[in-house]
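[1] below: sequence and its predicted model.
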Amino acid sequence: MDTVTSWGLAALALAAVLVGFSKTAVSGANTVSLAVFAAVLPARESTGVLLPLLIAGDVFAVAVYRRHAHWPTLLRLLPAVAAGVVAGTLFMVWAGDTAIRTSIGAILLLMAAITVWQRRPAAGARPASPDEPPASPDRPGGRLKAGFYGMLGGFTTMVANAGGPVLSLYLLSAGFRKLGFLGTAAWFFLIVNTAKVPFSVGLGLIDAQSLLLDAVLVPLVLAGALLGRACADRIDQVLFDRLVIGATVLGGLQLLLFA
């Protein structure tokens, strides 16, 4: 806290609002917050400050969208995510910030491009209700795809709190509609981010100083979550999909540029 300037604190405050907004409106948009925190604070320590803020946003999102989660998808993803979190923890023991951010940024941009390409043939096809179930993940290649995205999501969320764009691309490619998307993402990140706490404490990323800064910023996360909830009902499905993909691309570029 003592080393953060007034301008830096203002930037963190805006980033905290965006964390909450991303949890209830456009998942993956918090990669902008990731870049801001990494610019204001030491990159490695910034992940420890962000984690409790993300959990606060997750709790609010679950309270709002809990009924819309698709649990078969969650249960299919979580084992691979757990393996990715362990791999990310081991990687953080020796890897530098630059290597981590460059690799994740490149992966996100590649996956965003693949997602856009895969969705082109179906553009304008199926008008559907917001609660329409996703395409079956049990179709050929579905389990392999869930394992890949789950492992990558666990790895990226551990090393850079950047799992949002990975999950977003998976849910979009699986055919999730807006409410199912937000409900599944809310439960996913509440479970995963809570499970990351012991690893972050063990790595020294969460301590008394980081929690003090979190206490200042948590109310702003909740304000952003309320703003996102108010905006979510006004975003149609096509715009929602474009915003999620756009946030993923922006997050990937920021990870590369701020590496």
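    That came in fine, so what should we check first? Just so it is clear, the structure is predicted and the values come from calculations on it, not from any experiment. Residues are numbered from 1 along each chain as shown.
[2] quick check: buried residues in the helix or strand containing residue 73?
    Taking DSSP states H and E as the criterion, residue 73 maps to helix 71-94. Using 16 or more other Cβ atoms under 10 Å as the test for burial, helix 71-94 gives 73-74, 76-78, 80-82, 84-85, 87-89, 92. The way it works is simple: take the backbone N, C-alpha and C, and place the C-beta from them, glycine included.
[3] which neighbouring residues are in contact with residue 32, exactly?
    15, 18, 247, 250-251, 254 (Cβ atoms under 8 Å, 6 or more residues apart in numbering).
[4] how does it look with 10 Å?
    The neighbours of residue 32, taking Cβ atoms under 10 Å, 6 or more residues apart in numbering as the test, are 14-15, 18-19, 21-22, 247, 250-251, 254.
[5] need the residues you listed in JSON lines (columns: secondary structure and neighbour count).
    As requested, the contacts of residue 32 are exported to JSON lines (DSSP: H, G, I helix; E, B strand; the rest coil; neighbours: other Cβ atoms under 10 Å):
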{"residue": "14", "secondary structure": "helix", "neighbour count": "13"}
{"residue": "15", "secondary structure": "helix", "neighbour count": "25"}
{"residue": "18", "secondary structure": "helix", "neighbour count": "24"}
{"residue": "19", "secondary structure": "helix", "neighbour count": "30"}
{"residue": "21", "secondary structure": "helix", "neighbour count": "26"}
{"residue": "22", "secondary structure": "helix", "neighbour count": "28"}
{"residue": "247", "secondary structure": "helix", "neighbour count": "22"}
{"residue": "250", "secondary structure": "helix", "neighbour count": "18"}
{"residue": "251", "secondary structure": "helix", "neighbour count": "28"}
{"residue": "254", "secondary structure": "helix", "neighbour count": "21"}
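[6] from those residues, which is closest to residue 197?
    residue 19 (16.5 Å; Cβ to Cβ).
[7] surely that closest one touches residue 224?
    Yes - counting by Cβ atoms under 10 Å, residue 19 does reach residue 224; the two are 6.2 Å apart.
[8] which neighbours do these two share?
    Joint contacts of residue 19 and residue 224 (Cβ under 10 Å, 6+ apart) are 30, 33, 53, 57.
[9] list the contacts for residue 226?
    By Cβ under 10 Å, 6+ apart, the residues touching residue 226 are 17, 20-21, 24, 60, 64.
[10] so for the strand or helix carrying it, what gets flagged as buried?
    Per DSSP H and E: residue 226 is located in helix 208-232. Of all the residues in helix 208-232, those buried under the rule 16+ other Cβ under 10 Å are 210, 213-214, 217-218, 220-222, 224-229, 232.
[11] any idea how far residue 216 is from residue 191?
    Distance, residue 191 to residue 216, by Cβ to Cβ, to the nearest Å: 26 Å.
[12] revised request: answer the last question for residue 160.
    In terms of Cβ to Cβ, residue 160 sits 23 Å off from residue 216.
[13] next secondary structure after the lowest-mean-pLDDT helix or strand in the chain?
    Every helix and strand in the chain was compared by mean pLDDT, DSSP states H and E; the lowest is helix 97-119, with a mean of 69. On the C-terminal side of helix 97-119, the closest following helix or strand by DSSP H and E is helix 142-160.
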